[in-house]
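missing the sequence, but the structure's below:
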């Protein structure tokens, strides 16, 4: 009998991203590196089959498809099995299909609690169960088209298609999915060109750095030479100039010990004129 889990982030300690990825990889013998890779629904199908053997036919699971229609098919298998088991948990398929981290992270948080509550510890060879299919194969989010709005998820975990149906829509999506798969050689060439451009930028920046470093070094050497050369003191510069009296605004020759050449005769008369009071 299934054990339903109603845990929320407010009541249950949350696992980290690395812990969740390790949990999935250990049980499925997989190599998930990003939470967003769980958006195809394939891993949830096998984990549910691990908990409740025989409830999901793994032959119907599309393990490494890049087609959105196949992803929706995986989620449909999961929802059908959960409905039969009595799992009382709505699956936000539309949000999960967008391959956004937060939506897939929150759902995997809940599923980890659900798994722990229902796992009985029996042995399970996940790789053999999916006939040696690697999970996941290398893929990028940009290699698939943005999920369409053709399917709407009802509250009772059942799929409801939109009112207007185009019988050729599935074929168009398939063609778009195939055409959007990037060519490996093209990507490799593009990456090589990017690497060459970056290397050229590094060489140019290195030249500029060395140029300005040499300039700064020369400035530093000039400053050091200026510090080591003899400098003229302030007193030596002012020697020979009369010190101006701030109050009278006239030169004070007594302080300077010098005679102004422009008034040499007048100053000489002042210095050598005899004092009459002293002679008589």
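Yep, it's here. All values derive from a computational prediction rather than experimental measurement. Numbering: from 1, shown residues only.

is it true that residue 62 touches residue 75?
No. Counting by C-beta atoms under 8 Å, residue 62 does not reach residue 75; the two are 10.7 Å apart. Using the backbone N, CA and C atoms, a C-beta is placed for each residue, glycine as well.

please say which of those two ends up with more neighbours.
Applying other C-beta atoms under 10 Å to residue 62 and residue 75 shows that residue 75 carries more neighbours, namely 25 against 18.

against residue 36, how distant is the more buried one?
Using C-beta to C-beta, to the nearest Å, we find residue 75 at a distance of 15 Å from residue 36.

swap in residue 208?
40 Å.

do residue 59 as well
26 Å.

so for those two, which sits in the more crowded spot?
residue 36 (18 against 7).

the more buried one belongs to a helix?
Yes. Assessed with DSSP: H, G, I helix; E, B strand; the rest coil, residue 36 lies in a helix.

what's the neighbour count on the residue nearest to it when sequence neighbours are not counted?
Spatial nearest neighbour of residue 36, excluding adjacent residues (C-beta to C-beta, 6 or more residues apart in numbering): residue 99 at 4.6 Å. Counted with other C-beta under 10 Å, residues neighbouring residue 99 total 20.

what helix or strand does residue 99 sit in?
Counting by DSSP states H and E, there is no helix or strand that carries residue 99.

looking at it, it is touching residue 39, isn't it?
Yes. Shown here, residue 99 and residue 39 form a contact pair, counting by C-beta under 8 Å, at 4.4 Å.

and the helices in this structure?
For the chain, helices defined by DSSP state H occupy the ranges 17-28, 42-51, 68-85, 93-97, 101-118, 126-129, 169-179, 184-228, 234-238, 253-256, 264-272, 276-279.

identify, out of these, the most deeply packed stretch.
helix 42-51 (a mean of 24; mean count of other C-beta atoms under 10 Å).

show me what that one is packed against.
Judged by 3 or more C-beta pairs under 8 Å, 6 or more residues apart in numbering; DSSP states H and E, helix 42-51 is in contact with helix 17-28, helix 68-85, helix 101-118, helix 126-129.

tell me what the first one is packed against?
Applying 3+ C-beta pairs under 8 Å, 6+ apart, one finds that helix 17-28 makes contact with helix 42-51, helix 101-118, helix 126-129.
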